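S.K.: Task: produce atomic coordinates for the following.
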Amino acid sequence: MSECKFCCTEMKNVSVVKEGNTLLQAINVHFHCNEITAIVGPNGAGKTTLFKTLLGEMHYTGEIKHQMHAYEKKMHPPIIGYVPQHLNFDKTTPITVLDLFLACMQKRPIWTKITASIRKEVEKSLEEVQLAYAIDRKIGMLSGGELQRVLLALALWPTPDLLLLDEPISGVDVNGQKLFYETVQALKEKYHMAIVLITHEVGQLEHICDKAILLNKTILAMGTPELVKQEAMKQKQLSIGGDVNGSIV
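M.R.: Coordinates of the predicted model:
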């Protein structure tokens, strides 16, 4: 396990108001290292706004701080990795997975000569998400699950202190979902990072996270996956099917 640099990321009394509309109100939460936190809530609950706030894209009141271990002598901003829900691109584009990495990793044009060391570095990143075999595959030929794992690999370069996943398995088949979450669990254990994900999979919370939050502009419940699942049903904030393994829609 890698040595962790931050004990947690703390949001203390954080509120976001835009054009007179309250998007988040009095958010108090800690995202601890070596812990996966799932955020559930209805559409418009402020889940994406919370991510944008952590990424520094929203003006807010309150405080966001990143607590380090006592032996850290200097305070510095955390490295934040982010995986979006979708990557919008032309599926006929000839760009390969390797090309995509090079575009993000270096300032030179992607058609310049690729050194063996750079290729090896990309292969190593893809191995982290069990996708080394796809290094030369065109991104338009990837399955939904494979593409999300490519984006996950990109979010791990460099290794983040806080990893944000915005509905990462939306539109991914069951096998792809299982592999994605197994990969995320392995990354948490290997790098001791804090991971926060937005999901509609309320029925699966206990299988994909350590802690869960029910959000609707403010935090309605926070705790174990089972507790938050029960509170979601009680609050009737979310529509849950008869199957306990179903999804929130």
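
S.K.: Can you give me the neighbour number for Arg55?
M.R.: Check again: residue 55 is Leu, not Arg. Leu55 has 12 neighbouring residues, counting by other Cβ atoms under 10 Å. C-beta: built from backbone N, CA, C; applies to glycine.

S.K.: and the residue lying closest to Gly41 once chain neighbours are set aside, how far is that from Gln204?
M.R.: Take Gly41 and drop its neighbours on the chain: the residue closest to it by Cβ to Cβ, 6 or more residues apart in numbering is Leu215, 4.0 Å away. Note on Leu215: its distance to Gln204, by Cβ to Cβ, to the nearest Å, is 17 Å.

S.K.: between those two, which one's more packed in?
M.R.: Of the pair Leu215 and Gln204, Leu215 is the one with more neighbours under other Cβ under 10 Å, namely 25 against 20.

S.K.: List the strands paired with the helix or strand harbouring that one, with their directions.
M.R.: Applying DSSP states H and E as the criterion places Leu215 in strand 211-216. Using DSSP bridges, strand 211-216 pairs in its sheet with strand 35-40 (parallel), strand 218-223 (antiparallel).

S.K.: Beyond the longest helix along the chain, next helix or strand please.
M.R.: Longest helix of the chain, by residue count under DSSP state H: helix 174-191. Using DSSP H and E, the helix or strand that follows helix 174-191 towards the C-terminus is strand 194-198.

S.K.: Which SSE is immediately downstream of that next one?
M.R.: Next element after strand 194-198 (DSSP H and E): helix 205-208.

S.K.: gap between that next one and the chain center?
M.R.: Distance, stretch centre to chain centre, for helix 205-208: 15 Å (Cα atoms, centre = their mean, to the nearest Å).

S.K.: Could you export it as CSV, CA atoms only?
M.R.: Provided in CSV are the C-alpha atoms of helix 205-208 (Å, rounded to 0.1, in the frame of the first residue of the first chain):
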residue,chain,number,x,y,z
LEU,A,205,-24.7,0.3,-2.1
GLU,A,206,-23.3,-2.2,0.3
HIS,A,207,-21.4,-3.8,-2.6
ILE,A,208,-19.8,-0.7,-4.0
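
S.K.: Tell me which residue is most central in this structure.
M.R.: Leu165 (1.6 Å; Cα atoms, centre = their mean).

S.K.: beta partners for it?
M.R.: Val83, Leu197.

S.K.: Wait, it touches Lys188, no?
M.R.: No. In this structure, Leu165 is not within contact of Lys188 by Cβ atoms under 8 Å, at 11.3 Å.

S.K.: Find the residues that touch each one of those two.
M.R.: Common neighbours of Leu165 and Lys188 (criterion: Cβ atoms under 8 Å, 6 or more residues apart in numbering): Ile195.
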